[in-house]
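**Student:** how does the following fold in three dimensions:
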Amino acid sequence: MAAWYGRGKTGTRAVVLAGAFACLLSMPPAGRADSGPEPVDPTRSQACIDMASDFADQDTPRGPDADDVAAAGIDGAIVGGLAGRDRFGTGWSPGGAARGARTAGGIVALQGLGRVDVEAWQAAFDKAYAACMAGEPRPLTRRERCRSTGIVVGGGQQGGVGVSSRRDCD
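**Tutor:** This next block holds a predicted model:
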């Protein structure tokens, strides 16, 4: 047994024993040890999960991305215009371009009907869940935050000017 820490060196034995004793002294007592996170009330946690899910469902935009639909419409117009035939059987076809744009844009719009931006949904859920667990009121949805206000200056036939603003919108 004495072979692993040096043969015949009594000073090495003392160093090893002193190191082991120092490690034991540096450990915290059992009463002061960290037992992990504080317990969470399961009924409150489930209520917060339900509320945060409802909030994220209401706050997150759904449906096709307008940029994707527009890009597909442009691509469809180009393909349809080049592949279609005009009245003379050659060249660019305005009718083919219109059909291609409608077809490609429609396909992308149908593909995106159930689309939800997962990152935006998760961010909305996290915000509402943190507020609920802290005992704060539910955050306002995008629709509740972005109420439009408008005033009209002038009136009647004098050509009033309408001004509107959307505050606190992101």
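**Student:** can I see the domain layout of this protein?
**Tutor:** For the chain, automatic domain parsing gives the domain ranges 1-32, 42-153+160-166.
**Student:** which strands and helices sit next to whichever strand or helix holds Val69?
**Tutor:** Under the criterion of DSSP states H and E, Val69 resides in helix 66-83. Helices and strands touching helix 66-83, by 3 or more CB pairs under 8 Å, 6 or more residues apart in numbering; DSSP states H and E, are helix 94-111. Just so you know, the C-beta spots here come from the backbone N, C-alpha and C atoms, and that holds for glycine as well.
**Student:** buried residues in the helix it packs on, which are they?
**Tutor:** Within helix 94-111, the residues that qualify as buried are Gly96, Ala97, Arg99, Gly100, Ala101, Thr103, Ala104, Gly105, Val108, Ala109, counting by 16 or more other CB atoms under 10 Å.
**Student:** what packs against it?
**Tutor:** Packing partners of helix 94-111 (3+ CB pairs under 8 Å, 6+ apart): helix 66-83.
**Student:** can you show me the CA trace of the helix it packs on as CSV?
**Tutor:** These are the backbone C-alpha positions of helix 66-83, laid out as CSV (Å, rounded to 0.1, in the frame of the first residue of the first chain):
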residue,chain,number,x,y,z
ALA,A,66,-46.0,38.1,-46.6
ASP,A,67,-42.4,38.2,-47.8
ASP,A,68,-42.5,34.6,-48.8
VAL,A,69,-45.8,35.0,-50.6
ALA,A,70,-44.5,38.0,-52.5
ALA,A,71,-41.3,36.3,-53.4
ALA,A,72,-43.2,33.2,-54.7
GLY,A,73,-45.5,35.5,-56.7
ILE,A,74,-42.6,37.2,-58.4
ASP,A,75,-40.9,33.8,-59.1
GLY,A,76,-44.2,32.5,-60.5
ALA,A,77,-44.7,35.5,-62.7
ILE,A,78,-41.2,35.1,-64.2
VAL,A,79,-41.6,31.4,-64.9
GLY,A,80,-45.2,31.8,-66.1
GLY,A,81,-44.3,34.7,-68.3
LEU,A,82,-41.4,32.9,-69.9
ALA,A,83,-43.1,29.5,-70.2
